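K.L.:
A predicted structure for the sequence below; I have some questions about it.
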Amino acid sequence: MKIIETVPEMKIVRFKLKEPVGFVPTMGYLHKGHLSLVRKAKAENKSVVVSIYVNPTQFGPKEDLSKYPRDLQRDLAMLEKEGTEIVFFPSDKEMYPEGYDTWVTADKLTKPLEGDSRPTHFRGVTTIAAKLFNIVQPTNAYFGQKDAQQALVIKKMATDLNMDLEVIVCPTVREPDGLAMSSRNVYLNPEQRKSAPVLYKSLLLAKRLYAEGKKDTEKIRGEMAALIQKEPLANIEYISIANPATLEELQTIKKSALVSMAVKYGNTRLIDNMMLGE
Ligand code: AMP
């Protein structure tokens with residue numbers, strides 16, 4: 001496994017890799033969710049590149065950039081075990097040299113949900129994804145359904161900008177109690193951690209209500225909120241039931257819906273989602 005820290009070296013090495021090339025962009029502090037993407041990339045490609053880069057431009061001024069968890073040695077050991085060919089681990093100076101001035105933004109899809117709570121987040125996400133795609137030039141790039149809006153925005157960017165790659169979205173990997181795996185779960189104290197599976201429980205409740213024939217989103221959202229509010233440590237930021245392609249809120253579920261949410265435990269913000277009707 002080769003660890004590459006500069007853009008020119010990554011570009012040179014890339015063209016020596018066997019095609020097709022699978023790419024998994026991450027911010028490190030890896031868990032089984034990340035590894036599921038690496039495994040899928042490994043199964044579908046001849047070479048796998050994983051990037052580890054905590055992208056500062058996708059964090060808001062009051063967010064957790066400086067204390068975002070990092071453990072490079074552990075990450076490298078996990079990636080080595082998965083048979084990763086290349087780890088791209090650039091510095092901030094390498095990605096955003098002095099005078100950096102170009103941004104990639106998607107419009108409508110980035111306004112609701114996460115974009116509403118984190119107004120500059122997706123500009124950072126699309127910019128770094130575009131840069132990484134240009135540097136790595138993957139055949140296939142792998143993202144998690146855990147960040148459903150991010151996956152949708154990146155797919156849209158790749159289509160709209162005629163990028164020559166396939167964006168592949170992989171299912172959310174969960175802890176045994178249902179909590180979606182996330183690098184940020186380490187921020188939870190034991191009481192918060194015990195309470196946090198309520199996000200998944202509320203998604204399962206939505207799924208059950210829908211299966212029973214309930215289509216009115218206000219009612220479904222109401223029941224989900226009531227369940228979460230039974231947990232005194234949980235603060236709901238939003239619960240959305242939206243068109244899975246446009247992210248516009250639905251009043252009634254006709255064919256399918258993306259149920260998604262952000263819930264705060266103290267300063268820790270958890271997100272989760274589930275598709276209904278697929
Ligand atoms: P991050 O390091 O949080 O930026 O995540 C890197 C990639 O892993 C993103 O495409 C995430 O959607 C994906 N990911 C994170 N958590 C999970 C999970 N629990 N299951 C599946 N994919 C995940």
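P.N.:
Here it is on my side, so go on.

K.L.:
show me where this protein dips below the pLDDT cut-off.
P.N.:
By pLDDT under 70, the chain has no low-scoring segment.

K.L.:
got the domain boundaries for it?
P.N.:
As assigned by automatic domain parsing, the chain contains the domains 2-170, 183-276.

K.L.:
relative to the ligand, which of those domains is closest?
P.N.:
domain 2-170 (2.3 Å; CB to the nearest ligand atom). The way it works is simple: take the backbone N, C-alpha and C, and place the C-beta from them, glycine included.

K.L.:
and that closest one, end to end?
P.N.:
Domain 2-170 has an end-to-end distance of 25 Å (CA to CA, to the nearest Å).

K.L.:
hmm, back to that, closest one to Pro176 among the domains of the chain?
P.N.:
Nearest of the domains of the chain to Pro176, taken as CB to CB: domain 183-276 at 9.5 Å.

K.L.:
tell me how far that closest one is from the chain's mean position?
P.N.:
16 Å (CA atoms, centre = their mean, to the nearest Å).

K.L.:
ok, is the helix or strand containing Ser202 in contact with the ligand or not?
P.N.:
Element membership for Ser202, per DSSP states H and E: helix 198-211. No: figure legend: helix 198-211 not in contact with the ligand (CB under 6 Å from any ligand atom); closest approach 11.1 Å.

K.L.:
what's that helix packed up against?
P.N.:
helix 217-229, strand 234-242, strand 257-265, strand 268-276 (3 or more CB pairs under 8 Å, 6 or more residues apart in numbering; DSSP states H and E).

K.L.:
the ligand contacts on the stretch 101-250 of the chain?
P.N.:
So the stretch 101-250 of the chain meets the ligand at Phe143, Gly144, Lys146, Asp147, Cys170, Thr172, Val173, Ala180, Met181, Ser182, Ser183 (CB under 6 Å from any ligand atom).

K.L.:
excluding chain neighbours, what is closest to the third one?
P.N.:
By that I understand Lys146. Thr172 (4.4 Å; CB to CB, 6 or more residues apart in numbering).

K.L.:
phi and psi next, for that neighbour.
P.N.:
Torsion angles at Thr172 (phi, psi; degrees, to the nearest 10) stand at phi -70, psi 130.

K.L.:
contacting residues for it?
P.N.:
Gly33, Gly144, Gln145, Lys146, Ala180, Met181, Asp272, Asn273 (CB atoms under 8 Å, 6 or more residues apart in numbering).

K.L.:
and the second one, how many neighbours?
P.N.:
Which is Gly144. 22 (other CB atoms under 10 Å).

K.L.:
please apply the same query to the last one.
P.N.:
For Asn273, the neighbour count with other CB under 10 Å is 22.

K.L.:
give the bridge partners for it, please.
P.N.:
Ser260 (DSSP bridges).

K.L.:
that one touches Ala257, doesn't it?
P.N.:
No: using CB atoms under 8 Å, Asn273 makes no contact with Ala257, being 10.3 Å away.

K.L.:
the most centrally placed residue in the chain: what's its closest spatial neighbour, skipping adjacent residues?
P.N.:
Centroid-nearest residue in the chain, with CA atoms, centre = their mean: Asp147, separated by 3.4 Å. Counting by CB to CB, 6+ apart, Asp147 lies nearest to Ile271, which is 7.2 Å off, once chain neighbours are set aside.

K.L.:
surely the one you found is in contact with Glu114?
P.N.:
Yes: contact criterion CB under 8 Å: Ile271 and Glu114 qualify, at 7.1 Å.

K.L.:
all good on my end, thank you.
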